Structures are given as structure tokens and as C-alpha cells.
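> got a predicted structure here, sequence first:
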Amino acid sequence: MAKGKQHLLHNKAFGHVVAVAFYVAVGYLLFVAASNMNYIWKWTSVPKYFAYEKTDTITAPLDGTIQIRGTSLIIQGRDDSKEIEIEKGYSLDVKDGDSVYERDTLAKKTSMHIGPLLEGLIVTLEISGLAAILAFSIGSLLAFMRISNYQFLKDIATVYIAIIRGTPLLVQIFIFYFIIATIFELERFLAGAISLGLFFGAYIAEVLRGAIQSIDKGQYEAAKSLGMNYTQTMIYIIMPQALKRALPTLVGEMIALVKDSSLVSVISITDLTKVGREIVANTFSPFETWLIIAAVYFAITFLLSVFGHKIEMKMKKQGGM
């Protein structure tokens, strides 16, 4: 049977072109709207937010004449003299016999330093990484408590998950920082990471519990018939399958964790978001700054998505998903 002519709106390539045109139009309209506000774009200053060149100088402490002795400079003044050791990496701006005045530059060294955005990005990655480890640890423990035969463990886990999932993360960060961290004298970085870990641990617990309970009960019985105890059954039979099933949701939780890590800026942790606020306060360039911050967050979450997708594909080839 001959294949019917495809409608233009159903054409895949045409759809891609329309979607790109849509976002280009949205971007152009935003640009025009910003231009009508007489907003001055300062994209040239953006690279300095990532890395910048810093020049360190050695200046003359008094008026006098320069004498160069190896790696030292001697400034011979009218009543006094001063010897200055020139460290490696500095280039001299004066010659032997030159006359200098106080605070004249004698030598300088130029070096590259990471900018505030990279510093904020490092903090964001550190706090997200630590929180992710905590969240998986707490989530795994709570998941086993939820499926435990001991009622008190089940109740403890159920109440914890209900409270954590029923209150906003921002409120939990404030409670943890101003109450618990104050009592135990925790650093703000640790307080922020633990807050995130506790919050996402509750969600991961439910993801893992659902994945474990989705495994057919016949596999427990088969493992038992092979002489495996409960721990061996969970390690070698149940958990590998449960983790495969939970992987897409777990990746989603990690992406949410990275994005929600921006909330720790409210307790003055200098992460990416707080750095963005400081740059805006100093440069009055909110448009470029927040667009760049959003792009950096997107880059992190996109890489996580790609990484999760690759693991998922690899597991699918191995079977069991």
C-alpha cells in the first residue's frame, strides 16, 4: 500500500526549524524590549567573571637611585638605603642607575586567577556532591527501614519522610542553620550540605522503596531456595535490578538537587547564585549575569542528564530494565 503524503506540520525537519525560529523570535523580542529600556549590555566584561589577569607590583619605598645586585635591588637614597629582594616571576621596570621616586613601580608580575563565577561554581559542585552522597546514604537507609518487618523502624522512616516532604526546602535550610547548626556549632557550608542531603534523602528513599518493591516476590523465594540469606538476596539479586529501575528517577533527583542548591545562598554560602547577586550589586548588569548563571546551571544539569542516559543505555544492554 502506497504511503500517504505527510502533512507539513508532521514533518520532523520542519518542526525543528519552527522550534528554532520560535526561540530565536523570543530572544529577539527580549533583546528589543531590553533595548527600549535603554539597557546597556556589557558582554565584554563577562569573561572576567570566569578568569582575570592580575598584576602584582613592587614599588619603591623611598626616593633614590637604583643599584641592581643579582636578584636584589638597592635603592640608595640621600640619607638611607633599602635593599629589596625580587622574587622569581617578577620582571624589572627599572635599570641600574635609574632614579626613582617613592611608590614608583620597580617590578611587576602578571598572573591569571579564577574569577568569582568559577569560585562559585566550585562551591556549588562541592556542596551538591556532598549533599548527593548524604542523600543516597540517608535514602538507602530509610528505604530499608520502610520495608522492614520491624514496625518501629517503619514508623520512624514514615514520619521522617512525611515531615521532610511536607515542608519547603527553604524553611528546612533556615531551621537547620539557625537551630541545629547553632547548637552543634556547624559551619554554614556543612549546614547547607546536610540540609540538602536530608531533604533529598527523603525523596530518594521513596524512589528506592518503590523500585525494591517492584521486584517480583518470586525472586526472593528463588534466592531463598538457593540458600541465600536476606542480605545476600538484597545485594546480589534485588538491589542490582532495583537500581536499574530507579536510575532515571534518581538522575532526576540529582538534577533537582543541583538546581535547589542555589537556595543555600540564603545562609550566605558563596555559591553560584550568591556570586551572581554580588556581581549584579557591583556591576549593575543583571541581564548578562543571570543569563550566564542560568547557562552554567543548565550545563551542569545537561551533563548529568547525558551521563545518566549513558548509564541507562549501558544497563539496558545488560538487560533487567
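Noted; the coordinates are in hand. Predicted model, so just to flag it, every value in this text is computed and none were measured.

> what segments of the stretch 101-250 of the chain are strands?
For the stretch 101-250 of the chain, the strands defined by DSSP state E, counting those that start in this stretch occupy 105-114.

> which residue ranges form the helices in it?
116-146, 151-165, 169-175, 181-184, 188-213, 217-225, 230-233, 239-260 (DSSP state H, counting those that start in this stretch).

> residue 318 and residue 105, how far apart?
Going from residue 318 to residue 105 by CB to CB, to the nearest Å gives 65 Å. Yep, even glycine has a C-beta here, placed from its N, CA and C like the rest.

> please identify the most buried of the helices of the stretch 101-250 of the chain.
Mean neighbour count (mean count of other CB atoms under 10 Å) peaks for helix 188-213 among the helices of the stretch 101-250 of the chain, with a mean of 22.

> want to throw the helices of the stretch 101-250 of the chain into JSON lines with distance to residue 68?
Below are the helices of the stretch 101-250 of the chain laid out as JSON lines (distance: least, CB to CB, whole Å):
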{"stretch": "helix 116-146", "distance to residue 68": "38"}
{"stretch": "helix 151-165", "distance to residue 68": "68"}
{"stretch": "helix 169-175", "distance to residue 68": "58"}
{"stretch": "helix 181-184", "distance to residue 68": "56"}
{"stretch": "helix 188-213", "distance to residue 68": "48"}
{"stretch": "helix 217-225", "distance to residue 68": "81"}
{"stretch": "helix 230-233", "distance to residue 68": "75"}
{"stretch": "helix 239-260", "distance to residue 68": "54"}
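
> residue 78: what's it in contact with?
63-64 (CB atoms under 8 Å, 6 or more residues apart in numbering).

> can you check residue 145 too?
153-154, 156-157.

> tell me which of residue 318 and residue 105 has more neighbours.
residue 105 (14 against 9; other CB atoms under 10 Å).

> residue 58 is in contact with that one, correct?
Yes - contact criterion CB atoms under 8 Å: residue 105 and residue 58 qualify, at 7.3 Å.

> for the chain, longest helix please?
helix 286-318 (DSSP state H).

> what about it, average pLDDT?
Averaged across helix 286-318, the pLDDT comes to 90.

> show me what that helix is packed up against.
helix 46-50, helix 116-146, helix 239-260, helix 272-283 (3 or more CB pairs under 8 Å, 6 or more residues apart in numbering; DSSP states H and E).

> low-scoring pLDDT stretches of this structure, where are they?
Across the chain, residues meeting the criterion (pLDDT under 70) sit at 1-4, 319-321.

> what about the helices of the stretch 101-250 of the chain, which gets the closest to residue 93?
helix 116-146 (29.4 Å; CB to CB).

> how big is the angle separating the closest one from helix 151-165?
150 degrees (axes from the mean of the first three to the mean of the last three CA atoms, to 10 degrees).

> circling back to that earlier point, of all the contacts of residue 145, which two lie farthest apart?
154 and 156 (7.4 Å).

> on that earlier part again, columns distance to residue 232 on top of the helices and strands packed on helix 286-318, output as CSV?
Listed next are the helices and strands packed on helix 286-318 as CSV, based on distance: least, CB to CB, whole Å:
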stretch, distance to residue 232
helix 46-50, 50
helix 116-146, 15
helix 239-260, 11
helix 272-283, 44
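
> so for residue 64, which of those sits nearest?
Residue 64 lies closest to helix 46-50 among the helices and strands packed on helix 286-318, at 36.7 Å (CB to CB).

> what's the following helix or strand after that closest one?
strand 51-59 (DSSP states H and E).

> between strand 105-114 and that following strand, find me the angle.
Between strand 51-59 and strand 105-114, the angle comes out at 160 degrees (the same axes, to 10 degrees).

> what's strand 51-59 packed up against?
Strand 51-59 packs on strand 105-114, going by 3+ CB pairs under 8 Å, 6+ apart.

> does anything pack onto the strand it packs on? Which helices or strands?
Strand 105-114 sits against strand 51-59, strand 91-92, with contacts defined as 3+ CB pairs under 8 Å, 6+ apart.
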